[in-house]
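Colleague: quick one, fold the following:
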Amino acid sequence: MNVPNMLTVLRVIMIPLFVVAFLAGGISNWAALALFIIAALTDALDGYIARKKNLVTDFGKLMDPLADKILVMSAFICFTYAGIFHPAVAIVVMSREFLVTGIRMIASSKGKIIAADIWGKLKTISQDVTAILVLFRCALGVGSDSLIGIFVYAVTWVMVLLTIYSGVNYCLKNKEIFEKL
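Modeller: Here you go, the predicted model:
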């Protein structure tokens, strides 16, 4: 197994550790924050190494984006469970990810690979930043009515709008996939 794939596997292993740390609360929120940041950094690092060293594999093509989606969805489900997020936030994010993954699977079955565009990358960054800010707010122990809480709330809804936009943009750019169904 090459280094990028090991980093992807490490990210998958960190997801349940992150969930346990977050749900434990208190001082464990700092551990959850650290785990999420490290996991998000492995996402950027594994892709960089794979492309730079020409270590792109079928395992990496499948598991890297899957691990990223599971990490973000796990965080957002935890935030919903804890009452930090309105359920619509997690539903929008999960719906966009399932829709895009479905389109990619259909395209792949027809021999077409659809690479992520700038909006998909910005969406991913916005989701990671939102999760990190939420975790930071939780670790500090400040409420949603604090200045930090209000800022995190605003960033969350910007992320939701970016998630929706990137999903709609993805569908429009790949509408020929729907036309051939």
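Colleague: run through this structure and note the low-pLDDT ranges.
Modeller: Scanning the chain with the threshold set as pLDDT under 70 gives 180-181.
Colleague: quickly find the element holding the spatially most central residue of it.
Modeller: Nearest to the mean C-alpha position of the chain, by C-alpha atoms, centre = their mean, lies V72 at 3.6 Å. According to DSSP states H and E, V72 maps onto helix 58-81.
Colleague: what are the buried residues along that helix?
Modeller: Neighbour-count burial for helix 58-81 flags 60, 63-65, 67-80 (criterion: 16 or more other C-beta atoms under 10 Å). In short, each C-beta sits where N, CA and C put it, glycine included.
Colleague: can you dump the C-alpha coordinates of that helix into CSV?
Modeller: The C-alpha trace of helix 58-81 is given here as CSV (Å, rounded to 0.1, in the frame of the first residue of the first chain):
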residue,chain,number,x,y,z
ASP,A,58,-8.2,2.8,-8.2
PHE,A,59,-8.3,2.3,-4.4
GLY,A,60,-7.4,6.0,-3.9
LYS,A,61,-9.9,7.2,-6.5
LEU,A,62,-12.7,5.4,-4.7
MET,A,63,-11.7,5.7,-1.0
ASP,A,64,-10.2,9.2,-0.9
PRO,A,65,-13.5,11.1,-1.8
LEU,A,66,-15.5,8.5,0.2
ALA,A,67,-13.4,9.0,3.3
ASP,A,68,-13.8,12.8,3.0
LYS,A,69,-17.6,12.5,2.6
ILE,A,70,-17.8,10.2,5.6
LEU,A,71,-15.7,12.5,7.7
VAL,A,72,-17.8,15.6,6.9
MET,A,73,-21.1,13.8,7.2
SER,A,74,-20.1,12.3,10.5
ALA,A,75,-19.3,15.7,11.9
PHE,A,76,-22.5,17.3,10.6
ILE,A,77,-24.6,14.5,11.9
CYS,A,78,-22.9,14.9,15.3
PHE,A,79,-23.6,18.6,15.2
THR,A,80,-27.2,18.0,14.4
TYR,A,81,-27.5,15.4,17.2
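Colleague: what's in contact with that helix?
Modeller: If you take C-beta atoms under 8 Å, 6 or more residues apart in numbering as the criterion, helix 58-81 is touched by 4-5, 8-9, 11-12, 14-15, 18-19, 22-23, 36, 39-40, 43, 46-47, 50, 85-87, 89-90, 93-94, 97, 101, 124, 127-128, 131, 134-135.
Colleague: just the buried residues out of these, in PyMOL syntax.
Modeller: Restricted to buried positions by 16+ other C-beta under 10 Å, the PyMOL selection for those reads:
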select buried, resi 4+5+8+9+11+14+15+18+19+22+36+39+40+43+46+47+50+85+89+90+93+94+97+124+127+128+131+134+135
